[in-house]
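[1] build me a model from this:
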Amino acid sequence: MKQIELFGKTIDARDYLCSSNKDKVEKGNASLRLYVKITDVCMASCKFCANECSKDYGKIDFKKLEYVVRYLDNNKYLSGISITGGEPMTNPNTLNSLINLLFEINPNMDICISTNGMNIREFEHFDNINRVEAIHISRHHYDDEKNNEIFGSTMAKAKDIMYLQDKLDDKKIININTMIMKSGINCLEEIKKNLDFVGELGVYKNGFVSLMKNNNYSKENFINYNSIFDNLDENFFTGNHFYSEKYCECIDGVYLTSNHKIVEYYARMIKECDCPYVRQLVYTSSNHVTLGFNGQKIY
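    Purely as a prediction, here's the structure:
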């Protein structure tokens, strides 16, 4: 870790890269990703939600956020921005304005959006949607009804994702993110069905994430992703296995679907949340900068 100055305070920050050797640390720059929680409002009621205890319903102060982003960008501390919530598409106009502002600050900004698919067709009207790095759509089952059951709400259907994919210029912007859990996608055959489904959507990437053990439901339904991805068949071509000290690990590769389409996949698991240094910054919907989610307020 490395000590850096942020908003007049000295903090310990991550200064290493993920390594293919779990016993080795590769040094890098002390740059941090900024997560912008544009809102904490969300119509879903996921039983594994890690955000349920932080329901601040504030309104983003664009002037303060602009100062924060320029400060981090000018000081070379910003590796990219992820826009999240709650659900950022509860107000598409606000999200569109935010993306426009970020590209005004830095035309080459790495911007990702995390959404559960609410109002997904509205993305086609965004001014700069084809410039973002990724739209991460949470979709936890290949079956529409089962997906609604997991979310506890009516979510975007497969046809809605296909509609947006058809409208985008860059066909690799959409990523599908899927939780691995006992009550949903829970074994290799289900992983393959999900990848086949994603291929039929015309989407090129599907991520799989083990639950964070943040509540009893998550603890009871937790599956270590290695129990699945250590036993892949001939349809999978594994790429890399990365480690971030003892805190998380991930793998990636490609999969050949049953209809002979190529889908990139990755799998990730957070193993330890109690980290002695900062791994990311968060701009909250109540307009504060914190050291990680639910972390110390520094500005």
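
[2] strands of the stretch 151-299 of the chain, start to end?
    In the stretch 151-299 of the chain, the strands defined using DSSP state E, counting those that start in this stretch lie at 174-180, 205-210, 236-244, 248-256, 262-270, 280-283, 289-291.

[3] ranking those by mean pLDDT, which is last?
    In terms of average pLDDT, strand 236-244 trails the rest of the strands of the stretch 151-299 of the chain, at a mean of 92.

[4] and that one, what does it pack against?
    Helices and strands touching strand 236-244, by 3 or more Cβ pairs under 8 Å, 6 or more residues apart in numbering; DSSP states H and E, are strand 248-256. Backbone N, C-alpha and C define where each C-beta goes, glycine included.

[5] on that earlier part again, and the strands of the stretch 151-299 of the chain as TSV, adding mean neighbour count?
    Output for the strands of the stretch 151-299 of the chain, formatted as TSV (neighbours: other Cβ atoms under 10 Å):
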stretch	mean neighbour count
strand 174-180	24
strand 205-210	22
strand 236-244	16
strand 248-256	18
strand 262-270	19
strand 280-283	22
strand 289-291	21
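
[6] so can I have JSON lines of those strands showing distance to residue 72?
    Putting those into JSON lines (distance: least, Cβ to Cβ, whole Å) gives the following:
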{"stretch": "strand 174-180", "distance to residue 72": "24"}
{"stretch": "strand 205-210", "distance to residue 72": "26"}
{"stretch": "strand 236-244", "distance to residue 72": "21"}
{"stretch": "strand 248-256", "distance to residue 72": "23"}
{"stretch": "strand 262-270", "distance to residue 72": "23"}
{"stretch": "strand 280-283", "distance to residue 72": "7"}
{"stretch": "strand 289-291", "distance to residue 72": "9"}
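
[7] right, so of the ones you listed, which gets closest to residue 26?
    With Cβ to Cβ as the criterion, residue 26 lies closest to strand 236-244 of the strands of the stretch 151-299 of the chain, at 10.1 Å.

[8] restricting to C-alpha, output the closest one in PDB.
    Output of strand 236-244 as PDB, limited to C-alpha atoms (Å, rounded to 0.1, in the frame of the first residue of the first chain):
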ATOM      1  CA  PHE A 236     -14.600 -23.800 -22.000                       C
ATOM      2  CA  PHE A 237     -11.200 -22.200 -22.800                       C
ATOM      3  CA  THR A 238      -9.700 -20.800 -19.600                       C
ATOM      4  CA  GLY A 239      -7.600 -17.600 -20.000                       C
ATOM      5  CA  ASN A 240      -6.300 -16.100 -16.700                       C
ATOM      6  CA  HIS A 241      -6.600 -16.700 -13.000                       C
ATOM      7  CA  PHE A 242      -5.900 -13.500 -11.000                       C
ATOM      8  CA  TYR A 243      -5.500 -12.800  -7.300                       C
ATOM      9  CA  SER A 244      -5.800  -9.600  -5.300                       C
END
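
[9] the bottom helix or strand of this structure by mean pLDDT?
    strand 26-27 (a mean of 79; mean pLDDT, DSSP states H and E).

[10] for the helix or strand just after it, packing partners?
    Sequence-wise, the next helix or strand downstream of strand 26-27 (DSSP states H and E) is strand 32-37. For strand 32-37, the packing partners by 3+ Cβ pairs under 8 Å, 6+ apart come out as helix 62-74, strand 78-84, strand 280-283.
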